[in-house]
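Enquirer: Give me the fold of what follows.
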Amino acid sequence: MIEMHTHILPGLDDGARSKEEALEMALQASEQGIQHIVATPHHGNEVFEAPREIVLQHVEELNEFIGKHGVQVEIHAGQEIRVNTELINEWEHNKLLTLANSKYILLELPHNHVPDYFMDLLFELTIRGLVPVIAHPERNKAVVETPDLIEEWIGQGALCQLTAHSLTGQFSRRIQKLSVQLLKRKMIHFVSSDAHNCHTRAFALREAYRLTERVIGRGGMNRLKENSRRLLTNEEIVIEEPIKAKRHLLFW
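Expert: So this is what the prediction gives:
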């Protein structure tokens with residue numbers, strides 16, 4: 001299996017605090033059947049910065065460290081980039097990383113709203129040959145209130161990543177129900193743990209795929225797994241048309 005959103009690099013954000021903790025996370029991932037992990041430290045969220053060259057250096061060092069301990073997991077470079085008005089400028093100046101050196105770039109929205117320039121930003125990224133991947137949209141307040149927002153983003157060429165713990169119910173019952181709804185409406189293209197540690201925010205990909213199969217069947221689950229494989233190998237991902245929400249008719 002492939003994890004495309006994690007905070008395993010030590011000391012860069014609110015994820016792993018040391019190489020030893022990162023090693024423990026890699027071991028936990030391996031025990032779940034995960035062979036590839038894309039490290040995506042927070043970048044540009046006004047709390048954490050993860051400069052491109054620093055991330056690349058940390059990935060190289062962590063691969064060497066876990067390799068010495070016999071853990072059969074490969075770490076790839078990436079960033080979880082907070083949406084901001086300077087994002088395109090940063091890209092033009094080679095300051096940003098895509099996921100595993102692919103055309104897929106991971107974006108994080110503010111928790112409480114969607115910036116009014118977001119659609120323009122998606123357009124600017126797509127005309128540069130990038131595919132925006134929106135991290136955990138189910139945890140954004142505006143999406144919780146108006147899930148149909150995601151239809152517009154997908155129409156602009158974006159993909160969406162659901163957090164495993166949203167599906168297992170760790171965040172709230174409401175977010176869990178929304179996660180199921182988004183899966184059924186074909187608005188989710190990836191599932192990933194967004195792992196920060198081995199305890200409160202651990203790897204949960206195996207459990208999430210088990211639940212995904214219950215919601216959308218084995219075929220649907222396998223499509224999500226295949227999408228992660230295609231991301232890692234920088235292949236094209238087919239975007240299915242989202243299913244419209246059912247409208248309840250009122251009879252007077």
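Enquirer: Low-confidence stretches in the stretch 151-252 of the chain?
Expert: Counting by pLDDT under 70, the stretch 151-252 of the chain contains low-confidence ranges at 247-252.
Enquirer: can you pull out the strands in it?
Expert: With DSSP state E, counting those that start in this stretch as the criterion, the stretch 151-252 of the chain has strands at 159-163, 190-192.
Enquirer: Make CSV out of these and add mean neighbour count and distance to residue 183.
Expert: Where you see a C-beta, it was placed from the backbone N, CA and C, and this is true even at glycine. Formatted as CSV, the strands of the stretch 151-252 of the chain follow (neighbours: other Cβ atoms under 10 Å; distance: least, Cβ to Cβ, whole Å):
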stretch, mean neighbour count, distance to residue 183
strand 159-163, 24, 7
strand 190-192, 27, 9
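Enquirer: Quick one: distance of the helix or strand residue 28 falls within to the chain centre.
Expert: In this assignment (DSSP states H and E), residue 28 forms part of helix 19-31. Distance of helix 19-31 from the chain centroid (Cα atoms, centre = their mean, to the nearest Å) equals 19 Å.
Enquirer: thinking again about what came up before, indicate which one of the strands of the stretch 151-252 of the chain is closest to residue 40.
Expert: With distances scored as Cβ to Cβ, the stretch of those nearest to residue 40 is strand 190-192 (8.9 Å).
Enquirer: one step back: will you turn the strands of the stretch 151-252 of the chain into CSV that also has distance to residue 108?
Expert: Below are the strands of the stretch 151-252 of the chain laid out as CSV (distance: least, Cβ to Cβ, whole Å):
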stretch, distance to residue 108
strand 159-163, 10
strand 190-192, 13
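Enquirer: Could you check those strands and tell me which one is nearest residue 176?
Expert: Residue 176 lies closest to strand 159-163 among the strands of the stretch 151-252 of the chain, at 10.7 Å (Cβ to Cβ).
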